[in-house]
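S.K.: Dropping a prediction and its sequence here:
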Amino acid sequence: MKIVFMGTPDFSVGTLEAIVAAGHEVQAVITQPDKPKGRGKAMQMTPVKEAALAHGLLVWQPQKLKSSGIEDELLKLQPDVIVVVAFGQIIPKSILEIPKYGCINVHASLLPKYRGAAPIQWAVIDGEEKSGVTIMRMDEGLDTGDMLAKTEIVLAEEETGGSLFEKLSQAGARLLVESLTKLADGSLTGEKQPENSPNAYARMIRKSDGSIDWEKPAVVIERLVRGMNPWPSAYTKAEGKTLKLWKTRIVKEDVVKAAAEVVDSPETAACGTVVAQDKQFLYVKTGEEYLRLEEVQLEGKKRMPCEAFLRGFQVETGLLFTQD
């Protein structure tokens, strides 16, 4: 098939690679413009652009699809299908209508759940037991088009936003290639989505979403830590300094009281209090149960196991972690 590919981040690369490997003709790749990054503000290519150039593919980087002349170029190419994977811009109706088979989107959720920009992280944060990928024919709505194919992924007990990202990227690439074959032979049929999603729109994650409210139950905070790993991270404040939490575990009161150093009556301590510690871990009181801190990162320092952190930094039992 003649394909135009639209995508930008790492998540999109696997699908582009799979399309090329399957022998389809990639007429052009459309991705977001290069952006300055790092202290030197050097311009950095998007992951999709890097992959496309490695295959010698034509790359376009419009600031906006509507006013860039891209529509005229697409009319000249007359692609069979446009494949969209986390592109990052709204695609106008005039472009949606150009390809013979329309615009096909690889969306990282089991639609109609988790329509929106950050379905992967919110699935972990919300404690979903499974996620997946939906191949969807795009319309003018936000992830509301007809569903063409799905594949499910069961979340592991210690699933992070990063690990689920990798699983869904690979699953989406495989499913898209399978779907293209069925699209061409006419065996792929669409299923309309219900008007409303079963849950809230999966909005873009903000750094501030990682701020830990210790009044919440340990199970909620532990999921937040996993969902925010590797970006932007869950964090708390310790005497004015930011402490990022990378790995935590829910523990019961008997585990806390068995630690080497324990405050009096940890069950009555304020939420966010370091109620116990030993040579390996810190134990923090939450709204329900306790969290054992297993991997942390103090402001200005490297990410490390809590055991290594405690060898280099003295933490007083009774210290109160805060949001501010």
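M.R.: Structure received. Numbers count the residues shown, from 1 in each chain.
S.K.: all helices for this structure, in order.
M.R.: Using DSSP state H, the helices found in the chain span residues 10-21, 47-54, 70-77, 93-96, 119-125, 161-185, 218-227, 253-257, 306-312.
S.K.: Any buried residues in the second one, and which?
M.R.: Right, helix 47-54. Of all the residues in helix 47-54, those buried under the rule 16 or more other C-beta atoms under 10 Å are 47-49, 51-52. C-beta coordinates here come from the backbone N, C-alpha and C atoms, glycine included.
S.K.: Then the shortest one?
M.R.: Residues of helix 93-96 classed as buried by neighbour count (16+ other C-beta under 10 Å): 95-96.
S.K.: Just give me how far it sits from the chain centre.
M.R.: Distance, stretch centre to chain centre, for helix 93-96: 27 Å (C-alpha atoms, centre = their mean, to the nearest Å).
S.K.: With mean pLDDT and distance to E152 added, can I get the helices of the chain in JSON lines?
M.R.: Listed next are the helices of the chain as JSON lines, based on pLDDT from 0 to 100; distance: least, C-beta to C-beta, whole Å:
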{"stretch": "helix 10-21", "mean pLDDT": "98", "distance to E152": "18"}
{"stretch": "helix 47-54", "mean pLDDT": "98", "distance to E152": "26"}
{"stretch": "helix 70-77", "mean pLDDT": "96", "distance to E152": "33"}
{"stretch": "helix 93-96", "mean pLDDT": "96", "distance to E152": "27"}
{"stretch": "helix 119-125", "mean pLDDT": "98", "distance to E152": "12"}
{"stretch": "helix 161-185", "mean pLDDT": "97", "distance to E152": "9"}
{"stretch": "helix 218-227", "mean pLDDT": "98", "distance to E152": "19"}
{"stretch": "helix 253-257", "mean pLDDT": "96", "distance to E152": "34"}
{"stretch": "helix 306-312", "mean pLDDT": "96", "distance to E152": "34"}
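S.K.: what's the most buried one of those helices?
M.R.: helix 119-125 (a mean of 25; mean count of other C-beta atoms under 10 Å).
S.K.: And the strands in the stretch 151-300 of the chain?
M.R.: 234-238, 241-251, 261-262, 274-277, 282-285, 290-298 (DSSP state E, counting those that start in this stretch).
S.K.: who are the neighbours in contact with E239?
M.R.: Going by C-beta atoms under 8 Å, 6 or more residues apart in numbering, E239 touches L319.
S.K.: How much space separates it from R137?
M.R.: Using C-beta to C-beta, to the nearest Å, one gets 54 Å for the distance from E239 to R137.
S.K.: between the buried residues of helix 47-54, which is closest to V177?
M.R.: Nearest to V177 among those, counting by C-beta to C-beta, is A51 at 15.7 Å.
S.K.: Could I get the contacting residues of that closest one?
M.R.: 13, 16-17.
S.K.: and with 10 Å instead?
M.R.: 5, 7, 10, 12-14, 16-17, 20, 29, 31, 45, 57, 59 (C-beta atoms under 10 Å, 6 or more residues apart in numbering).
S.K.: Thank you kindly, that will do.
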